[in-house]
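Novice: Return atomic coordinates for the entry below.
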Amino acid sequence: MSQVNTRAYDSSGRRAAARERRDRMVQVARRRFLDDGYATTTLPMVAAEAKVSVETLYKAFGSKAGLLAAVAEAALSGPGPQPTMEISDERGAAATDPYELVATWAELAAQVIPRLAPIMLLIRGSATTSTEVARLRAQLDQDRLDRMADQARLLARHGWLREGVSVEAARDSMWAYTDPGMYELMVLRRGWSIRRFRGFLAGALMAAMLPPLPMAEPDPRSIITGGRFGRTPGRRSAGRPGRRPPSG
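Specialist: Reported below is the predicted structural model:
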């Protein structure tokens, strides 16, 4: 029994060491790609800084473009231990409120895009001179489009899309607003905070896809007492709950 336990422990330790080594190679590659550019960065440079052999890099990633793909994949997973896509799937499966769900998608996007945007901008710039990177760019764009199609179909299954908005239109709206180029424009070039960017995404996506939030009637007591009253979201008919869009 002790021998079996020892073997299991050794196997677990080897897997953990392999994961740590892979993470280190990806982190070094990200830094090198962003600091030196894709064309200038070489696998021997990454291997030397990550303290692994070039052969190890080739076995793990196949090529420099494969290593760049792994960097993009790591950015897409998000900042936490659970991949962002898994969180999104869980929230989508449990959703009962479309406004809350879209706000959640905007929040998750605002966590991922700052990590992903610099890599995607690098990929787009390098795609003009590398056919491998051009294929990687096309695949990443298609993967994101497919992901947005899944989310649009979820909204449609629940009857949450605004009348006249097709699954394809909802998909394309989400694809456009979550493009890293939007982050570049608003955050990197216009200086928006991430909080403001998150609010912008949520509001824009709701406006593009969901019915307008209903407005409740003002409380007559506020008129009598001379107090101010504002329009506040009520509850949608046909069982659709209303939510106030998150502010930026």
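Novice: contacts, neighbours, all on C-alpha from now
Specialist: Will do.
Novice: Quick one: residues contacting L57.
Specialist: Taking Cα atoms under 8 Å, 6 or more residues apart in numbering as the criterion, L57 is in contact with 25, 43, 47, 63.
Novice: Surely the second one and K64 touch.
Specialist: Just to be clear, that refers to L43. Yes: under the criterion of Cα atoms under 8 Å, L43 makes contact with K64 at 6.6 Å.
Novice: These two: which is more packed in?
Specialist: Taking neighbours as other Cα atoms under 10 Å, L43 and K64 compare with K64 leading, 20 against 17.
Novice: which residues touch the more buried one?
Specialist: Counting by Cα under 8 Å, 6+ apart, K64 makes contact with 42-43.
Novice: Likewise for the one 5 residues further on?
Specialist: Listed by Cα under 8 Å, 6+ apart, the contact set of A69 reads L136.
Novice: and it, what helix or strand is that in?
Specialist: helix 64-76 (DSSP states H and E).
Novice: and the angle from whatever helix or strand comes next after that helix to helix 64-76?
Specialist: Sequence order places helix 84-94 as the next helix or strand after helix 64-76, per DSSP H and E. Angle of helix 84-94 versus helix 64-76, following axes from the mean of the first three to the mean of the last three Cα atoms, to 10 degrees, is 40 degrees.
Novice: how about the helix holding A69: buried residues?
Specialist: Residues 64-72, 74-76 are the ones in helix 64-76 that count as buried (16 or more other Cα atoms under 10 Å).
Novice: Alpha carbons of that helix, in CSV - could you do that?
Specialist: Taking Å, rounded to 0.1, in the frame of the first residue of the first chain, the C-alpha atoms of helix 64-76 are listed here in CSV:
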residue,chain,number,x,y,z
LYS,A,64,6.7,29.8,-32.1
ALA,A,65,3.1,30.3,-33.4
GLY,A,66,2.0,27.4,-31.1
LEU,A,67,3.6,29.2,-28.2
LEU,A,68,1.8,32.4,-29.1
ALA,A,69,-1.4,30.5,-29.2
ALA,A,70,-0.8,29.2,-25.7
VAL,A,71,-0.2,32.8,-24.5
ALA,A,72,-3.5,33.8,-26.0
GLU,A,73,-5.3,30.8,-24.4
ALA,A,74,-3.8,31.7,-21.0
ALA,A,75,-5.1,35.2,-21.3
LEU,A,76,-8.6,34.0,-22.3
